[in-house]
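Undergrad: got a predicted structure here, sequence first:
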Amino acid sequence: MKLFTPNLRRTALLAPALALLTIPFSTGTAGATTPGWGSDKPDVIGDCNAGKPDLCQYHEVNSWTAPGNWHAASNVFNNCQGTDNATYARAASYETNSSYSYGTKQTFEVSAGFSDKIELGMKASTEVNQTWTVGDKRTITETITNTVRPGYKGQYWFQPLVHHSEGWLEVHYGKRVDGHYFWYYPGKDSTGFQIATPVAWGDGTLKGEMKWTTWAC
């Protein structure tokens, strides 16, 4: 498989704390549980999504920025039956959003209001040409021209730059819930609550690398 990368311009107990989890927005009912926690503890993720606690505060412990996974950014261009080179000028695009997880396997959704509170606990970018905003969708679309030889297929792929944040959630209830007013998910000073947010250029477009890939039919 041959990879061609064109010249492109710029293309966040008494001691349990909040964890990340991919669940439908929960209202904190007795049957719901937060990832990593049992039924003897409140559904802090669902409750924060619903705005029930007096406080849902994210505390960042570690953060870093790194390239994410490669994703298909176009349909496959087919020149399997052709006898001449086929030139394609097509739009390649990719869209992504923030994701939340507990540990490395369990993911969950958060409401818009909750994501705003999470962002308050994350450190902002120190670089003037990039930013990240929790909960905002980011998109990259470019029209690029490439050639597929006879007997080959081609496709565009995009690798977004991702900002990672990990920490814990502090939740305060106005009355005792499962025996306590304060809960820390998944534990005070822990790193179980994890957020992956796409990095954008200053103009809001998704930051990363686009590549062109060809392979034999």
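TA: Looks like it arrived, so ask away. Residues are numbered from 1 along each chain as shown.
Undergrad: buried residues, the longest strand seen in the chain. List them.
TA: Ordering each strand of the chain by length in residues (DSSP state E) puts strand 152-177 first. Judged by neighbour count using 16 or more other Cβ atoms under 10 Å, the buried positions of strand 152-177 are 152-163, 165-171, 173, 177. No exception for glycine: its C-beta is placed from N, CA and C like everyone else's.
Undergrad: Lys52 falls within a helix, correct?
TA: No - secondary structure of Lys52 (DSSP: H, G, I helix; E, B strand; the rest coil): coil, not part of a helix.
Undergrad: mind checking how far stretch 45-60 is from the chain centre?
TA: Averaging C-alpha positions (Cα atoms, centre = their mean, to the nearest Å) puts stretch 45-60 19 Å from its chain's average.
Undergrad: and for stretch 35-49?
TA: Here stretch 35-49 shows a centroid-to-chain-centroid distance of 21 Å under the convention Cα atoms, centre = their mean.
Undergrad: in that stretch, which residues are buried?
TA: Of the residues in stretch 35-49, those with enough neighbours to count as buried (16+ other Cβ under 10 Å) are Pro35, Gly36, Trp37, Lys41, Pro42, Asp43, Val44, Ile45, Gly46, Asp47, Cys48, Asn49.
Undergrad: which residue ranges of this structure form strands?
TA: Taking DSSP E to define them, one finds strands in the chain at 2-4, 55-67, 71-72, 77-79, 86-96, 99-102, 106-108, 130-131, 138-148, 152-177, 180-185, 193-198, 200-201, 208-216.
Undergrad: quick one, which of those strands is packed in tightest?
TA: Taking mean count of other Cβ atoms under 10 Å as the contact definition, the stretch among those with the greatest mean neighbour count is strand 193-198, which reaches a mean of 25.
Undergrad: contact partners for the residue located most distally from the centre of the chain?
TA: Checked against the mean C-alpha position of the chain, the extreme residue using Cα atoms, centre = their mean is Thr83, at a distance of 42.7 Å. Thr83 is in contact with Pro150, counting by Cβ atoms under 8 Å, 6 or more residues apart in numbering.
Undergrad: go on, the one 4 residues further on?
TA: Contact criterion Cβ under 8 Å, 6+ apart gives Thr145, Asn146, Thr147, Val148 as the residues in contact with Thr87.
Undergrad: what mean pLDDT does the longest strand of the chain get?
TA: Strand 152-177 comes out with an average pLDDT of 92.
Undergrad: same check, this time on stretch 134-144
TA: Averaging pLDDT along stretch 134-144 gives 72.
Undergrad: and the contacts of that stretch?
TA: For stretch 134-144, with Cβ under 8 Å, 6+ apart as the criterion, the contacting residues are 6, 8, 11-12, 73, 89-98, 110, 112, 115-116, 118-119, 122, 156, 158, 160, 195, 197-198, 200, 204-206, 208, 210, 212.
Undergrad: how about 7 Å then?
TA: Surrounding stretch 134-144, the residues in contact under the criterion Cβ atoms under 7 Å, 6 or more residues apart in numbering are 6, 8, 11-12, 89-98, 112, 115, 118-119, 122, 156, 158, 195, 197-198, 200, 205-206, 208, 210.
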